[in-house]
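K.L.:
sequence-free structure coming up:
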C-alpha cells in the first residue's frame, strides 16, 4: 500500500475519483501516473486529507512514470566486481578481473576503460558482458601507468557502476632489495654555497646559504637567501623555468633528490642535462628510481650515459627514449661519481667533485 501526502508546490489531480483507474500527480511541468486496480482502491481521509492508493502493481519499471525520475521504485542491479591485484611491477604483468551481476534488465552490461597515454584499448576487455551471470577475464598490461576498468549495469531501479584500478610501475616501490646504494657510500644531505660554487651557477643563493640535496622541491615561503629552513638547490620539479646548479659531492657519498609526482599530469615531460665544470670535475652517471641511491633501476631508460650525461623523464609514452614515470609514485634522482658498471670504483680523485646540472620541463609544464 502506498500513502501519498500533499506536498507544497505539487498539485494532485484526480481523474474523476468515482471512475478513476489511475492516480495522476502533476508536479510542475511533469505528470506521473500510478495505475490502480479499481476505482475503489483510492480513498481520501476526511480528517488529515491523506490520499491512499492501492496500485495495480507493487513496483514500477524504469521510465514508466510509476514515480518521478530519481525516486524509488524498481530494484537496483547488483554488481560484484573484483581484481586479482592492484599493482604490477615490473611490466608486462597479468590481472584477472572477476564479476557477478544480478537484477539487470537487458542482455548485457557495458564495460569501459581508462588507460595510460598511448594505450587505446586492452585486449580481452570487451565492450559488453552478459547480464545476470558470473565471469572473469585475464588481461595483460604492458605500459606503465594507471588503468581503470568499469562495469555498468541497468536495472528497474536505476544503474549500478563499479570501477577497479590497477597501477603498472617499473620498480618495486617500498621494496628496494637489489636496488641498494653502492657499498660504503652514504647519502649526502646538504652543502654550504661557497663563493666558487655561487659564481659557477648558484647565483640565486647567498654565500654561506645551506642548500639541501635531498628534495627536488624548495621551501615555497622563505626568502631565497634566508638561512633557514635549508633550501633545495635545484628548484621545483616539472616547472617551466629551468634551474642550474653546481653541487659538490664527496667521493664517498651520493646525492638522492626526492621527487613528489602527485601533482603531475600525463602529458608532461622534460630533461636533465649534466656537464663537467672546469674545476673539480669527474665523469658521473644519474638514475631515476623509486629507491634512493639505486644505481641500477629496472627500467634501462632511467639510467643516463656515463660522463657528460643527459636523461629525459616522461609521465606518458612519449618521447619513447625518456624514463617513464607514474603519477603518484615517489622517485629519486640519484647521482654518483662512480663507474656505472663497477660502482666500487670512484672517479672523483680530488675528494669532492662538482656536478653542473640543468633541469628543464619541455611539455605540459607548470607555470
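P.N.:
Structure received. Here the structure is a predicted model, which means the values were calculated and not measured. Numbering: from 1, shown residues only.
K.L.:
Torsion angles phi and psi at residue 177?
P.N.:
The phi/psi pair for residue 177 (degrees, to the nearest 10) reads phi -60, psi 130.
K.L.:
How much space separates it from residue 291?
P.N.:
Distance from residue 177 to residue 291, counting by C-beta to C-beta, to the nearest Å: 9 Å. Placement of C-beta: from N, CA and C, glycine included.
K.L.:
Settle it for me: which of those two has more neighbours?
P.N.:
The neighbour comparison of residue 177 against residue 291 (other C-beta atoms under 10 Å) goes to residue 291, with 26 against 7.
K.L.:
tell me the secondary structure for that one?
P.N.:
Here residue 291 is coil, with the state taken from DSSP: H, G, I helix; E, B strand; the rest coil.
K.L.:
close enough to count as contact, it and residue 179?
P.N.:
Yes - here residue 291 reaches residue 179: they are 4.2 Å apart, a contact under C-beta atoms under 8 Å.
K.L.:
all helices of the stretch 51-200 of the chain, in order?
P.N.:
When assigned using DSSP state H, counting those that start in this stretch, the helices of the stretch 51-200 of the chain occupy the ranges 195-200.
K.L.:
which stretches of it have low pLDDT?
P.N.:
53-73, 170-174 (pLDDT under 70).
K.L.:
Recalculate using a threshold of 90.
P.N.:
51-76, 83-96, 106, 116-119, 126-127, 142-146, 156-158, 165-178, 189-193, 195-200 (pLDDT under 90).
K.L.:
residue ranges of the strands in it, please?
P.N.:
51-53, 78-83, 87-88, 93-102, 108-114, 128-130, 134-141, 145-155, 158-168, 186-187, 190-192 (DSSP state E, counting those that start in this stretch).
K.L.:
possible to save the ones you listed as a markdown table with mean neighbour count and distance to residue 243?
P.N.:
As requested, the strands of the stretch 51-200 of the chain are exported to a markdown table (neighbours: other C-beta atoms under 10 Å; distance: least, C-beta to C-beta, whole Å):
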| stretch | mean neighbour count | distance to residue 243 |
| --- | --- | --- |
| strand 51-53 | 17 | 73 |
| strand 78-83 | 15 | 41 |
| strand 87-88 | 16 | 33 |
| strand 93-102 | 17 | 36 |
| strand 108-114 | 16 | 33 |
| strand 128-130 | 14 | 50 |
| strand 134-141 | 14 | 35 |
| strand 145-155 | 20 | 27 |
| strand 158-168 | 17 | 29 |
| strand 186-187 | 13 | 21 |
| strand 190-192 | 16 | 16 |
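K.L.:
mind checking which of these is nearest residue 330?
P.N.:
Each of the strands of the stretch 51-200 of the chain was scored for nearness to residue 330 using C-beta to C-beta, and the closest is strand 158-168 (13.2 Å).
K.L.:
Just checking: what are the partner strands of the closest one?
P.N.:
Note on strand 158-168: by DSSP bridges, its sheet partners are strand 87-88 (parallel), strand 145-155 (antiparallel).
K.L.:
Ok, which of those strands comes nearest residue 256?
P.N.:
Nearest of these (C-beta to C-beta): strand 87-88, 23.1 Å.
K.L.:
Please work out which residues outside that closest one touch it.
P.N.:
Outside strand 87-88, the residues that touch it by C-beta atoms under 8 Å, 6 or more residues apart in numbering are 94-95, 141, 166-169.
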